[in-house]
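Chemist: For reference, the sequence and a predicted model appear below.
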Protein chains: 4
Amino acid sequence: MRVREMISTHPHVQGSTADALLRCIEECYACAQTCTSCADACMGEDMVKDLTQCIRLNLDCADICAATGAMASRRSGRNVEVLRATIEACAAACRACGEECQSHADMHEHCRICAEACRSCEQACREALPQVH
Amino acid sequence: MRVREMISTHPHVQGSTADALLRCIEECYACAQTCTSCADACMGEDMVKDLTQCIRLNLDCADICAATGAMASRRSGRNVEVLRATIEACAAACRACGEECQSHADMHEHCRICAEACRSCEQACREALPQVH
Amino acid sequence: MRVREMISTHPHVQGSTADALLRCIEECYACAQTCTSCADACMGEDMVKDLTQCIRLNLDCADICAATGAMASRRSGRNVEVLRATIEACAAACRACGEECQSHADMHEHCRICAEACRSCEQACREALPQVH
Amino acid sequence: MRVREMISTHPHVQGSTADALLRCIEECYACAQTCTSCADACMGEDMVKDLTQCIRLNLDCADICAATGAMASRRSGRNVEVLRATIEACAAACRACGEECQSHADMHEHCRICAEACRSCEQACREALPQVH
């Protein structure tokens, strides 16, 4: 990912890249991929019927992470209230998905890794919020 | 759109389709399209430089509407808190984009139509919230 | 959906809206929603384990339909070769998903409706291609 | 990104991760972010009116890269013809966007970086194709 290079060369940014927000963007794209993969890996398990709730949370999390990553990438104009609400929804999705995945991390390695990605993205979202004002 | 047919044939739904939520799904997909179009139409205007803020809000609104429409379409499992936060973020995005578009509705017909779509989607989001619990 | 109103008010369009392409846009957004719903309804079936392939095709179809609908909505600038390749990929995805859904349409009403949406979107894609040049 | 860890723990994969396809997934997510950023950075330039074509190609490329990254992440079931057509559309989008960005790489550092990301993603797509069969 070239997040820092891209944001730092935006004509309105002029050096102030808001590092926590950069990390949030990276984590959102990474978590969207991880959750898409985890939903699909759960689908491949023999016990898929017991993983329905996990797949649901994975797909929801992937959707909001993708939207948040794109929205947080923009620096032209301003949309503070909306970006804050979206990052907060994303953090909530990561928390819900991370807790669900963690609950069967012992059984499925993909869920263990996904729980990690979700926690990391949730934290990045929460740390980015103070920079969105 | 076949939203009602699809949701009403979901094995867990059994007739209770939560009509306001169905309308929210339809409005989200429609508003995602309208905002994508409006961003692009603004880009084609001679005065594009004065429409930067509008394009920004259009693109952000399209992103969150698409995520919300997909998430609200799911009925397997549960993800209430996340869906509520996402619908709220979507309503905020529609309000911001709708107000911006309305402010130059006299000059650009695409902005007038987009303001209408945003208001309609914002209202559908707010009316769907009581059904998500 | 306000596809026609939006495209016809684009500053570069001037009345020539390419009707088959408009229908393609509408079908793509509708099919993205239907496939998202069908994946989720399949997930809720007791026999979900037998529907893995169907869910896979649903999710793939939803992704490419969403991308195609957005791309086909743009009229500023030109990107003919890319739009054609994307519409062709979308038609292929709709065909694959429609055939899979059709094969268990007798058992699952959501698959019957989804097969219909996929066929309709595939046809709209194929009819739009001659207008993209 | 945790692409390798996720794919390698998928129950159907069993070690054979198809390395070129993993790299394609990573490049698609990265290129989606870069193109989203580049469209937005172009929007912030004083000469935005001269960058309309670039923004169009950026947005189209971001859409197809996101769809391709998600689709290529799936290993449950099979969808070979569709995945191939989508990767090919993605490679075409990256080529078109990369060439446009390169043509004003001297003037805009974000376009120079984006051209690089597009070339890298195009190559990854082309190298992944032989692994999709």
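Modeler: Great, that's in hand.
Chemist: Would stretch A:113-130 count as contacting chain D?
Modeler: Yes - under the criterion of C-beta under 8 Å from any C-beta of the partner chain, stretch A:113-130 makes contact with chain D via A:113-114, A:116-117. Every residue, glycine included, has its C-beta placed from N, CA and C.
Chemist: Inside helices: which ones of those?
Modeler: Assignment to helices by DSSP state H places the following of those there: A:113-114, A:116-117.
Chemist: Closest one of these to chain B?
Modeler: Relative to chain B, the closest of those is residue A:114; by C-beta to the nearest C-beta it sits at 15.3 Å.
Chemist: ok, the residue sitting nearest the centre point of chain A to chain B distance?
Modeler: With distances taken as C-alpha atoms, centre = their mean, chain A has residue A:28 as the residue nearest its mean C-alpha position (3.2 Å). In this structure, residue A:28 and chain B are separated by 11 Å, where distance is defined by C-beta to the nearest C-beta, to the nearest Å.
Chemist: How is that residue assigned, secondary-structure-wise?
Modeler: Going by DSSP: H, G, I helix; E, B strand; the rest coil, the secondary structure assigned to residue A:28 is helix.
Chemist: how about low-confidence regions in chain A?
Modeler: A:14-16 (pLDDT under 70).
Chemist: Name the helix or strand for the closest residue to residue A:53 other than its chain neighbours, please.
Modeler: Excluding its sequence neighbours, the residue lying closest to residue A:53 (C-beta to C-beta, 6 or more residues apart in numbering or on different chains) is residue B:77, at 4.0 Å. For residue B:77, there is no helix or strand it lies in under DSSP states H and E.
Chemist: Residue B:105: which of the ones in helices among the residues of stretch A:113-130 next to chain D is nearest?
Modeler: The shortest gap between residue B:105 and any of these belongs to residue A:117, at 42.6 Å (C-beta to C-beta).
Chemist: Is the closest one in contact with residue A:30, as I believe?
Modeler: Yes - here residue A:117 reaches residue A:30: they are 6.3 Å apart, a contact under C-beta atoms under 8 Å.
Chemist: which residues do these two both contact?
Modeler: Shared between the contact lists of residue A:117 and residue A:30 (criterion: C-beta atoms under 8 Å, 6 or more residues apart in numbering or on different chains) are residues residue D:2.
Chemist: ok, back up a step: where neighbours are concerned, which of the residues of stretch A:113-130 next to chain D has the most?
Modeler: Comparing the residues of stretch A:113-130 next to chain D by number of neighbours (other C-beta atoms under 10 Å in any protein chain shown), residue A:114 comes first, having 34 neighbours.
Chemist: And it, how close does it get to residue A:51?
Modeler: As for residue A:114, its distance to residue A:51 is 12 Å (criterion: C-beta to C-beta, to the nearest Å).
Chemist: who in chain A is up against chain B?
Modeler: Counting by C-beta under 8 Å from any C-beta, the residues of chain A near chain B are A:52-53, A:55-57, A:59-61, A:63-64, A:66-67, A:70-71, A:74, A:76-79, A:81-83, A:85-86, A:88-89, A:92-93, A:96.
Chemist: ok, and for stretch A:121-133, which residues are buried?
Modeler: Buried residues in stretch A:121-133, defined by neighbour count with 16 or more other C-beta atoms under 10 Å in any protein chain shown: A:121-129, A:131-132.
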